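> sequence? don't have it. structure:
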């Protein structure tokens, strides 16, 4: 039994790393622009479909497709922010909500129109490979997806701490007036931020297709999951999003083992409610 | 260097600037004094493209910059030390200074400018790794000035640089402004400290209710009855 629990925990951690990358995208967008991306899970599913398409049509392994999918989602996110979302930056929140909700409905139905309601997965040749470590076995696909997610998260960390544009984005998030005062092009930085957030979730989608089959209505689940993770971890905190992803990954996995797989969301949402009641600023943030 | 012609600015129905005109020549210190709400900050924000005037014209170095976004105005050589300092509290002191030098005009010389700024403000050098939000008010003002210098401006607009500072820090800020002037910097100085700023300035403007009601040399304004009664309480 203990072996099973440890095994499930490790599986949960591996999936949780991909969840963390997905939530990181949401957290970055919110942290900088205070815009809640209600189309986040939809972008995740677009990433999954793109990776599936690249695999089916061009035979590109999803792991290698990650940069392509991320680049496509970056361009889409950049364009969306410039053309559609920017005029809504300073309006009331419910108006932003309507806009992004509309966007999410359009994306889901476009997926439905193009790919149909059936599930699509990729059959990579290492699909059934696994690594054994003592009594534990790890699915190769999950290990690769998790490692790739961590690598991308690390690149993102370097981007925000080492590059001029990354630091400028943090500056604009820190003090909007200050950013204007020193002559930062804030609308452009916002578009880059939305692009980076979309690229994160797109990359997460491309990795997720290794483990989960794509289907349009997964989108709403992923949107909610990303919210749960970000709120549990602390809104706008990057380490919080990653840690929240791990926590939710493990809780889903353990709930699946100990209770019933179909009840796994109950635990994620239960955790959300507990956090909102007891520590509304999130588990991993210091400031309230 | 800077010319403002008959500028009008509205916030909704409220008029903040009403036909304001002023000039600042190369290397000059020009003071703008007036009560709270007289339109001093609005004037600076309009020059810097953070507010869009409804009428009038702003030219800098001969270019019509009216309605330009603030990053383009900065790129032309306009520096701004804003009211409330507006530093980046969660970024380190060093990162704050780097943010001042993201302008294309300043990127190339960043290392050299940084050395100059650190020499001017040794306190900032001591605290370069510290989050800027943990600095004292005076140090934050030094950081705001240093950050502005990082952009290699040709003109600096100071908005209430001594607000909320101790008398010693206030003296220090005025000393820095005087030193910059001696190096040939053009300076537009908005200050609630009317006496000190008019003494320092070559020329000054008095703003009331969004209008220029008086202009002249610093000394002439200090001697005028209107300034003596309304602002100096003499």
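Perfect, thanks for sending it. Computed from a prediction, not measured in an experiment: that's the story for all the values here.
> how about the contacts made by the most centrally placed residue in chain B?
In chain B, the residue lying closest to the centroid (C-alpha atoms, centre = their mean) is residue B:158, at 1.7 Å. Contact analysis of residue B:158 by C-beta atoms under 8 Å, 6 or more residues apart in numbering or on different chains lists B:81, B:177, B:187-191. C-betas here are computed from N, CA, C, even on glycine.
> quick one, what contacts residue A:108?
A:42, A:45, A:216-217, A:219-220.
> so which bits of chain B are right by chain A?
By C-beta under 8 Å from any C-beta of the partner chain, the part of chain B that sits against chain A consists of B:48, B:50, B:69-71, B:73-75, B:80-82, B:84, B:86-91, B:95-96, B:98-100, B:102-103, B:107, B:147-148, B:151.
> residue contacts, the residue of the stretch 151-288 of chain A found nearest chain B?
Nearest to chain B, among the residues of the stretch 151-288 of chain A, is residue A:183, at 2.7 Å (C-beta to the nearest C-beta). Each residue near residue A:183 by C-beta under 8 Å, 6+ apart is listed here: B:70-71, B:73-75, B:102-103, B:151.
> what about the residue lying closest to residue B:95 once chain neighbours are set aside, how many residues nearby?
Of all residues not flanking residue B:95 in the chain, residue A:167 sits nearest, at 5.6 Å (C-beta to C-beta, 6 or more residues apart in numbering or on different chains). Neighbourhood size, residue A:167 [other C-beta atoms under 10 Å in any protein chain shown]: 21.
> against residue B:54, how distant is residue A:167?
In this view, residue A:167 and residue B:54 are 36 Å apart by C-beta to C-beta, to the nearest Å.
> domains of chain B?
Using automatic domain parsing, the domain ranges for chain B come out as B:1-77+B:154-234, B:82-147.
> which ones are touching residue 146?
I went with chain A, as the question did not name one. By C-beta under 8 Å, 6+ apart, the contact set of residue A:146 is A:13-15, A:17-18.
> nope, chain B
Contacts of residue B:146 by C-beta under 8 Å, 6+ apart are B:97, B:100, B:117, B:120-121, B:124.
> just give the nearest non-adjacent residue to whichever residue of chain B sits closest to chain A, would you?
Going by C-beta to the nearest C-beta, chain A is nearest to residue B:74 of chain B, at 2.7 Å. Spatially, and ignoring its direct neighbours in sequence, residue B:74 is nearest to residue A:183 (2.7 Å; C-beta to C-beta, 6+ apart).
> cool, residue B:179 as well?
residue B:120 (7.9 Å).
> the residue nearest to the centre of chain B falls within a strand, correct?
Yes. Assessed with DSSP: H, G, I helix; E, B strand; the rest coil, residue B:158 lies in a strand.
> can you pull the pLDDT of residue 208?
This is for chain A. Residue A:208 carries a pLDDT value of 97.
> I was thinking of chain B, sorry if that wasn't clear
92.
> looks like it contacts residue B:33 (just checking).
No. Under the criterion of C-beta atoms under 8 Å, residue B:208 makes no contact with residue B:33, lying 9.9 Å away.
> return the set of buried residues in the helix or strand hosting residue A:54.
According to DSSP states H and E, residue A:54 maps onto helix A:40-58. Neighbour counts over helix A:40-58 (16 or more other C-beta atoms under 10 Å in any protein chain shown) mark A:40-55 as buried.
> can you give me the helices in chain B?
B:40-47, B:70-75, B:93-100, B:104-107, B:110-120, B:122-126, B:137-150, B:167-182, B:194-200, B:218-223, B:225-230 (DSSP state H).
> okay if I get these as TSV plus mean pLDDT?
Listed next are these as TSV, based on pLDDT from 0 to 100:
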stretch	mean pLDDT
helix B:40-47	95
helix B:70-75	97
helix B:93-100	97
helix B:104-107	96
helix B:110-120	96
helix B:122-126	95
helix B:137-150	96
helix B:167-182	94
helix B:194-200	91
helix B:218-223	92
helix B:225-230	86
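> I'd like the ones you listed as JSON lines, with distance to residue A:242 appended.
Listed next are the helices of chain B as JSON lines, based on distance: least, C-beta to C-beta, whole Å:
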{"stretch": "helix B:40-47", "distance to residue A:242": "39"}
{"stretch": "helix B:70-75", "distance to residue A:242": "32"}
{"stretch": "helix B:93-100", "distance to residue A:242": "22"}
{"stretch": "helix B:104-107", "distance to residue A:242": "32"}
{"stretch": "helix B:110-120", "distance to residue A:242": "32"}
{"stretch": "helix B:122-126", "distance to residue A:242": "33"}
{"stretch": "helix B:137-150", "distance to residue A:242": "31"}
{"stretch": "helix B:167-182", "distance to residue A:242": "42"}
{"stretch": "helix B:194-200", "distance to residue A:242": "51"}
{"stretch": "helix B:218-223", "distance to residue A:242": "58"}
{"stretch": "helix B:225-230", "distance to residue A:242": "59"}
